[in-house]
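S.K.: task: produce atomic coordinates for the following.
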Amino acid sequence: MEVLGEVVLSVSLELLLSKLASSDLWKYARQEQVHTELKKWKTRLLEIREVLDDAEDKQITKQHVKAWLAHLRDLAYDVEDVLDEFGYQVMRRKLVAEGDAASSSKVRKFIPTCFTPIQAMRNVKLGSKIEDITRRLEEISAQKAELGLEKLKVQIEGARAATQSPTPPPPLVFKPGVYGRDEDKTKILAMLNDESLGGNLSVVSIVAMGGMGKTTLAGLVYDDEETSKHFALKAWVCVSDQFHVETITRAVLQDIAPDNNDSLAFHQIQRKLRDETKGKRFLIVLDDLWNDKYDQWDSLSSPLLEGAPGSKILVTTRNLNVATMMGGDKSFYELKQLPDDYCWLVFQKHAFGNRNVNDHPNLALIGKEIVQKCGGLPLAAKALGGLLCSEHREDKWNIILASKIWNLPGDKCGILPALRLSYNHLPSHLKRCFAYCALFPQDYEFKKEELILLWMAEGLIQQSNEDKKMEELGGDYFCELLSRSFFQSSNSNKSRFVMHDLINDLAKSIAGDTCLHLDDGLWNDLQRSVLENTRHSSFIRHRYDIFKKFERFHKKERLRTFIALPIDEQRTWVITS
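M.R.: Residues are numbered from 1 along each chain as shown. Got it, this is the predicted structure:
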């Protein structure tokens, strides 16, 4: 997967320079006789910061600049690790010096016997790291001229802005709308109501590329009053690329007959689902289906074959082979690109919000040209509209229109250009928060409050001069990413949020090797190695986990995040020797 993660460096360098401004840090550095090295670090980082904007722009078309930024990204992490170690030592010494007399004396008695040998070993190791960082900083700084990187006038102002809280998005008083899909909705409803498609159970598939609005259309059909009248039971399951028959079966049953079914074995779940659907007309939506293995589909559908005539499964998929395997050539609906007129309405809603478009005729003209480049994809129009929602200057809109990203060849543009643009033009503090979300697997549902706490733990939320708590600032960050369509409400649980598949792919392409999520399939996991520059990792817990899958983390000293995402009771792995 192509790595774009270097563009989050603006805020990373600001964080390092902020740490280097600490008077306590310098006092400790003089005591340890490393202040000369830290002065070199500060000087080189300031020099690099001056050309960073130019490098981030040139990396789009120049591979050697991208490689330079990748080395700088890894170095920034290493510098931060050393400065954090210094910060720990500063705090430890303060505890000893400032504690009350009784506790201080106990601590001092404890330190010589327990801390001194370990500390001596750490100091030797740390000294080697410091020398290595100084050498690498000198090399990277010297390469600026060779790469033709130039200082931009707006660099310093932009860097300062990176540490400020984001401008809250304008309030959205309009209701979310869908444009240009009325005819599609009518046709899907007709297919669902058609009892001649075959037997008690038949499948209708919506087929289209990512970003076309398949899930949105399925949601419109699912929530329609006509659907509720026609079907006695309904269930919605997001499948994604992990097709587990037992997991999906349990999810369908939980939607149809909510109960505590966790203790039931798989065959009991199948029997109960058969009993609940027997003789009843039902609609089951399998959203984002990739699996085209007939035996697994046969196992999934077997408990559903005794439903009343007219029962339907509605599938959304990018793969035509999946649609034909499940229901034949006549039971799928190919969703077409949204016409530019409707795509413009999507863009307009998100770009102008409450503003009157007629008051901004020049922006409207530029916006319509941008929409033509979206290729009829509602997600692209929505993302770019969110990007420009608080921007009133024509020159900023023209920058988006004229971006080189639109012209990248197909093999370098696996992620929609519109989504890349939306990311590239995020404020720096939001870039790193978004890239961190690469730890989440596709279709993972998360709570706003939990994600904010993770950002706080990682130090991604920066205090400004405003009298705001960290949680409030994190809430601002989240709302801005939400308004720009990087997050969206979950269809199955409105209290949670998800990332669209393409947005999730974008996050992973940005993070590159710095983020590793396990559980892409057990055997694939066991074969995947953890690279030295991996800094963040996550895995989904199961009822039974195995030690072997964690052995690869042995001696990975650069890892700074290791998160166990909420347990998945349904996916139980068994390993035999």
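
S.K.: packing partners for the host helix or strand of Leu95?
M.R.: With secondary structure defined by DSSP states H and E, Leu95 is part of helix 63-98. When contacts are defined as 3 or more CB pairs under 8 Å, 6 or more residues apart in numbering; DSSP states H and E, helix 63-98 packs onto helix 9-19, helix 23-31, helix 35-58, helix 101-114, helix 116-147. Where C-beta positions appear, they are placed from N, C-alpha and C, glycine not excepted.

S.K.: residue ranges with poor pLDDT in the stretch 451-577 of the chain?
M.R.: 464-466, 519-530, 542-549, 552-555, 567-577 (pLDDT under 70).

S.K.: how about His35, what does it touch?
M.R.: Trp26, Ala29 (CB atoms under 8 Å, 6 or more residues apart in numbering).

S.K.: now the helix holding Leu95 against helix 9-19, angle please.
M.R.: 30 degrees (axes from the mean of the first three to the mean of the last three CA atoms, to 10 degrees).

S.K.: tell me the buried residues in helix 63-98?
M.R.: 65-66, 68-70, 72-83, 86, 89-90 (16 or more other CB atoms under 10 Å).

S.K.: what's the answer for stretch 15-26, then?
M.R.: Leu15, Leu16, Leu17, Lys19, Leu20, Leu25.

S.K.: swap in stretch 279-295?
M.R.: For stretch 279-295, by 16+ other CB under 10 Å, it's Arg281, Phe282, Leu283, Ile284, Val285, Leu286, Asp287, Asp288, Leu289, Asn291, Asp292.

S.K.: okay, among those, which ones form the most distant pair?
M.R.: For the buried residues of stretch 279-295, the farthest-apart pair by CB to CB is Arg281 and Asp292; their separation is 27.0 Å.

S.K.: format the helices and strands packed on helix 63-98 as TSV; extra columns: distance to Pro427 and mean pLDDT.
M.R.: Shown next, in TSV, are these (distance: least, CB to CB, whole Å; pLDDT from 0 to 100):
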stretch	distance to Pro427	mean pLDDT
helix 9-19	8	79
helix 23-31	27	87
helix 35-58	13	87
helix 101-114	43	48
helix 116-147	24	78
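
S.K.: most tightly packed of those?
M.R.: Highest mean neighbour count of the helices and strands packed on helix 63-98: helix 9-19, a mean of 20 (counted as mean count of other CB atoms under 10 Å).

S.K.: who touches it?
M.R.: With contacts defined as CB under 8 Å, 6+ apart, helix 9-19 is touched by 25, 42, 45-46, 48-49, 52-53, 56, 69, 72-73, 76-77, 79-80, 83, 87, 158-159, 162-163, 428-429, 431-432, 459, 462.

S.K.: can you dump the C-alpha atoms of that helix in PDB for me?
M.R.: Extracted C-alpha coordinates of helix 9-19, given in PDB (Å, rounded to 0.1, in the frame of the first residue of the first chain):
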ATOM      1  CA  LEU A   9       5.100  15.900  10.000                       C
ATOM      2  CA  SER A  10       4.200  19.600  10.500                       C
ATOM      3  CA  VAL A  11       2.600  19.100  13.800                       C
ATOM      4  CA  SER A  12       5.200  16.400  14.900                       C
ATOM      5  CA  LEU A  13       8.000  18.900  14.500                       C
ATOM      6  CA  GLU A  14       6.000  21.600  16.400                       C
ATOM      7  CA  LEU A  15       5.600  19.100  19.300                       C
ATOM      8  CA  LEU A  16       9.300  18.400  19.400                       C
ATOM      9  CA  LEU A  17      10.200  22.100  19.400                       C
ATOM     10  CA  SER A  18       7.700  22.600  22.100                       C
ATOM     11  CA  LYS A  19       9.300  19.900  24.200                       C
END
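
S.K.: tilt between it and helix 23-31?
M.R.: Using the same axes, to 10 degrees: helix 9-19 against helix 23-31 is 70 degrees.

S.K.: residues touching the residue positioned nearest the centre of the chain, list them.
M.R.: Nearest residue to the geometric centre of the chain (CA atoms, centre = their mean): Cys437, 3.5 Å. Counting by CB under 8 Å, 6+ apart, Cys437 touches Leu451, Met499, Asn504, Ala507.

S.K.: give me the buried subset of those.
M.R.: Leu451, Met499, Asn504, Ala507.

S.K.: now tabulate those residues in a markdown table and tack on distance to Trp236.
M.R.: A markdown table is the format used below for the buried ones among the contacts of Cys437 (distance: CB to CB, whole Å):
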| residue | distance to Trp236 |
| --- | --- |
| Leu451 | 23 |
| Met499 | 18 |
| Asn504 | 19 |
| Ala507 | 24 |
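
S.K.: want to throw these into JSON lines with distance to Lys185 and secondary structure?
M.R.: Listed next are the buried ones among the contacts of Cys437 as JSON lines, based on distance: CB to CB, whole Å; DSSP: H, G, I helix; E, B strand; the rest coil:
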{"residue": "Leu451", "distance to Lys185": "33", "secondary structure": "helix"}
{"residue": "Met499", "distance to Lys185": "25", "secondary structure": "coil"}
{"residue": "Asn504", "distance to Lys185": "26", "secondary structure": "helix"}
{"residue": "Ala507", "distance to Lys185": "31", "secondary structure": "helix"}
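
S.K.: and the residues you listed, which two are the farthest apart?
M.R.: With CB to CB as the measure, no two of those lie farther apart than Leu451 and Asn504, at 13.9 Å.

S.K.: rewinding a little: make CSV out of the buried residues of stretch 15-26 and add distance to Leu220.
M.R.: Formatted as CSV, those follow (distance: CB to CB, whole Å):
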residue, distance to Leu220
Leu15, 44
Leu16, 48
Leu17, 50
Lys19, 50
Leu20, 53
Leu25, 56
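
S.K.: looking at those residues, which is nearest Ala257?
M.R.: Ranked by distance to Ala257 (CB to CB), the buried residues of stretch 15-26 are led by Leu15 at 50.5 Å.

S.K.: that closest one and Gln59: what is the separation?
M.R.: To Gln59, Leu15 is 21 Å away according to CB to CB, to the nearest Å.
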